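In: sharing a sequence plus its predicted fold:
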Amino acid sequence: MACRFILQNLSKRHLLHSAFASRSASTLVLAEHEGGSIKAQSLSAVVAASSIGQDNRVSLLLAGSGSSLQQAAEKAATCHPSISQVLVADSDKFAYPLAEPWAKLIQLVQLKGGYSHVIATSSSFGKNILPRAAALLDVSPVTDVVGINGTHQFIRPIYAGNALCTVRYTGANPCMLSVRSTSFPVPPISGDSKSDGASISEVDLSTLDEDSIGKSRFIKLSSEETDLPDLGSARVVVTGGRALKSAENFKMIEKLAEKLGAAVGATRAAVDAGFVPNELQVGQTGKIVAPELYMAFGVSGAIQHLAGMKDSKVIVAVNKDADAPIFQVADYGLVGDLFEVIPELLEKLPEKK
Ligand SMILES: Cc1cc2nc3c(=O)[nH]c(=O)nc-3n(C[C@H](O)[C@H](O)[C@H](O)COP(=O)(O)OP(=O)(O)OC[C@H]3O[C@@H](n4cnc5c(N)ncnc54)[C@H](O)[C@@H]3O)c2cc1C
């Protein structure tokens, strides 16, 4: 009896899966916006969505309030040819990216739109919201996707990025994914291939529960004032490790980054020692970066750090220990003392224009 029950369930599940797979895909992308534009990371989620299938219809969901939301919606409508619709949820409830109202919003939009996929980037925004929305929709999300092989097969890292596994999603719709933006770079979009303009529609929020605000409250947003590029999307990253010894010495890394127009990164040991704030941590429990040039000074190359930077195009490492593991992933390695190398670099590099 038990055996037959399992078989019946398996065949039902298989039928369900085949039915989803044969239907054409339609994807809801959760987008973040700032200053009237959608964030570059959210465009990576659109690139990921467009690799699900050729006939995939992509709808972009933007929420917030006020004129910057409308501005972002207008820009989003023409920013990528695969976007067919921009959905705008305009309410004070979405003034801040709190997970509870956003998750309810996704549930509302999904129940109306019946999307086959829902995608967000693996940023703190996506990581915060997606699991809650998945719980409300009673599905299990596939997280940190780095590759897409068709509608239901995805590649994601395991064991702190030491291995990649292929996952086949066999659950019900929607298939919810968080994707690493570094794995879905946004190609420059030529004038010809730009969209003529996707339709923009307001989401009907009249049925959104009053209690959707939930238990969390927005208190404040604190961010460091800096002219340096954003760590997640910078072309060059200069990282310092525990070897810098103090916050004062870490300023050398910041000066070098300034000269190179680079973002500053740090190891967890440097963050834990209080040299720099937590938002600069690169690695398994920090940010995942893949810049064109990654420079590591006094970084040992622990696997948890490598998990966040080993996909960088060119890696340069300076370490006084010739056996440091960082040299195994470095394209250029210099065995030397960073307290001699960095001042020399600062002296020889031309001033930034
Ligand atoms: C669950 C978990 C998650 C983690 N997540 C992260 C993460 O996201 N990111 C992360 O970075 N770490 C993470 N870690 C910590 C990680 O294991 C390492 O402890 C950390 O990366 C080490 O940082 P470090 O290279 O700065 O320090 P160390 O390992 O102490 O290395 C310092 C290096 O500097 C070199 N050095 C010393 N003096 C000089 C000098 N004067 N000139 C040049 N070189 C010098 C040394 O030879 C050494 O190789 C995590 C650990 C755990 C358990």
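Out: Yep, that arrived.

In: so how far is residue 262 from residue 326?
Out: 18 Å (CB to CB, to the nearest Å). From N, CA and C alone the C-beta is placed, and that goes for glycine too.

In: since we're on residue 325, how many residues are nearby?
Out: A total of 17 residues lie near residue 325 under the criterion other CB atoms under 10 Å.

In: how about the nearest residue to it once chain neighbours are set aside, secondary structure?
Out: Sequence neighbours aside, residue 301 is the residue nearest to residue 325 in space, at 3.8 Å (criterion: CB to CB, 6 or more residues apart in numbering). Classification of residue 301 using DSSP: H, G, I helix; E, B strand; the rest coil returns coil.

In: residue 301 and the ligand, how far apart?
Out: Distance of residue 301 to the ligand, computed by CB to the nearest ligand atom, to the nearest Å: 7 Å.

In: same question for residue 144.
Out: 14 Å.

In: just the pLDDT for that residue.
Out: Predicted confidence (pLDDT) for residue 144: 94.

In: tell me the secondary structure of residue 118, please.
Out: Following three-state DSSP, the label given to residue 118 is strand.

In: what's opposite it in the beta bridge?
Out: Beta bridges link residue 118 to residue 28, residue 176, judged by DSSP bridges.

In: who's in contact with it?
Out: 27, 28, 29, 30, 106, 110, 130, 133, 174, 175, 176, 177 (CB atoms under 8 Å, 6 or more residues apart in numbering).

In: tell me the contacts of the fifth one?
Out: Yep, that's residue 106 we're talking about. If a contact means CB under 8 Å, 6+ apart, then residue 106 has 28, 30, 61, 118, 129, 133, 136, 137 as its contacts.

In: wait, isn't residue 28 in contact with residue 119?
Out: Yes. Using CB atoms under 8 Å, residue 28 makes contact with residue 119 at a distance of 7.4 Å.

In: in contact with the residue lying closest to residue 80 once chain neighbours are set aside: list those residues for me.
Out: Nearest non-adjacent residue to residue 80, counting by CB to CB, 6+ apart: residue 46, 5.0 Å away. Shown in contact with residue 46 (CB under 8 Å, 6+ apart): 29, 31, 58, 60, 80, 82, 83, 186.

In: around the ligand, pick out the residues from the stretch 201-350 of the chain.
Out: Counting by CB under 6 Å from any ligand atom, the residues of the stretch 201-350 of the chain close to the ligand are 241-243, 267-270, 281-286, 298-300, 302, 304-305, 308, 318-321, 324, 337-339.

In: mind giving me the PyMOL command for buried ones among these?
Out: Of these, the buried ones go into a single PyMOL selection, burial set by 16 or more other CB atoms under 10 Å:
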select buried, resi 241+242+243+267+268+269+270+281+282+283+284+286+298+299+300+302+305+308+318+319+324+338
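
In: identify the residue spatially nearest to residue 148, adjacent ones excluded.
Out: residue 51 (4.8 Å).

In: actually residue 163, sorry about that
Out: With CB to CB, 6+ apart as the criterion, residue 163 has its nearest non-adjacent residue at 7.2 Å, and that residue is residue 157.

In: which SS class is the closest residue to the ligand within the stretch 51-200 of the chain?
Out: Using CB to the nearest ligand atom, the single residue of the stretch 51-200 of the chain nearest to the ligand is residue 160, 7.5 Å away. Classification of residue 160 by three-state DSSP places it in coil.

In: right, and it touches residue 284 too?
Out: Yes. Residue 160 is in contact with residue 284 according to CB under 8 Å; the separation is 4.9 Å.

In: give me the common contacts of these two.
Out: With CB under 8 Å, 6+ apart, residue 160 and residue 284 have common neighbours 303, 304, 307.

In: residues in contact with the first one?
Out: Think residue 303. 160, 161, 162, 284.

In: likewise for residue 214?
Out: 98, 99, 100, 101.

In: looking at this, residue 252 is in a strand?
Out: No. According to three-state DSSP, residue 252 belongs to no strand; its state is helix.

In: can you give me the neighbour number for the residue found closest to it once you drop the neighbours it is linked to in the chain?
Out: With sequence-adjacent residues excluded and distances taken as CB to CB, 6+ apart, residue 252 is closest to residue 342, at 4.7 Å. Neighbourhood size, residue 342 [other CB under 10 Å]: 23.
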